[in-house]
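> with the sequence up front, the predicted model follows.
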Amino acid sequence: MEIKTGYIYHIKDAFFDKINDKGLMINHENGRARPTYFTIKDKDILWFIPLSSKVDKYQVIIDKKIKKYGSCRSIMISEIANKPSVILIQNAFPVLEKYIDHPHIVDGKPLKVIDTLKDEILNNFKYLMELKKSGRNLFFPDIDRIKEIMLEEKNN
């Protein structure tokens, strides 16, 4: 399977079993494969950004962040596949291709976000990564530990 930036995928339970990080979102909820993930293909690793349908819950959090900081780039709300979706950049994590279960299919095709939204997500992700490099970590999972495990696994 060819993995591309901007497409939506599901991840295997084996990843969560291996990593066991309390900052990761639960992979299954009410018997359904959740969440789906926006994918960024980096040089040596993939980055997964969870998507949620809980718009009302996250709108409150976004509003509080905007009131306190003047903006919010760690959580976004936008339309994906004609439905409002929350893009949880703060919950992003690195992963290997072998842990991808399948692409998210809509109308018989793998789901790809529109390019303008893809670019906005990528810009916000890069911004959060720059903040992390400068000592301000807004990511919930321990992305350094997870990346180290993934790269070690890839190189063995």
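Looks like it came in fine. Numbers count the residues shown, from 1 in each chain.
> quick one, what contacts the residue positioned nearest the centre of the chain?
For the chain, Ile49 is the residue whose C-alpha lies nearest the centre (CA atoms, centre = their mean; 0.5 Å). If a contact means CB atoms under 8 Å, 6 or more residues apart in numbering, then Ile49 has 37-40, 87-89, 91-92, 121, 125 as its contacts. Glycine gets a C-beta too; all of them are placed from N, C-alpha and C.
> got it, and Lys154?
So Lys154 contacts 44-45, 96 (CB under 8 Å, 6+ apart).
> of those, just the buried ones, ChimeraX syntax please.
Of these, the buried ones go into a single ChimeraX selection, burial set by 16 or more other CB atoms under 10 Å:
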select :45
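> for Asp35, grab the count of nearby residues.
One correction, residue 35 is Pro, not Asp. Pro35 has 25 neighbours, counted by other CB atoms under 10 Å.
> what's the per-residue pLDDT of it here?
We have a pLDDT of 77 for Pro35.
> can you give me the helices for the chain?
Per DSSP state H, the chain carries helices over the ranges 13-19, 55-69, 115-133, 143-155.
> buried residues in the third one?
In this case it means helix 115-133. For helix 115-133, a neighbour-count test (16+ other CB under 10 Å) marks 117-118, 120-122, 124-125, 128-129 as buried.
> and the two most separated of those?
Using CB to CB, the buried residues of helix 115-133 reach their maximum pairwise distance at Leu117 and Met129, which is 18.6 Å.
> okay, the contacts of Lys154 in CSV with distance to Met150 and pLDDT next?
Shown next, in CSV, are those (distance: CB to CB, whole Å; pLDDT from 0 to 100):
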residue, distance to Met150, pLDDT
Asp44, 9, 78
Ile45, 6, 91
Leu96, 5, 94
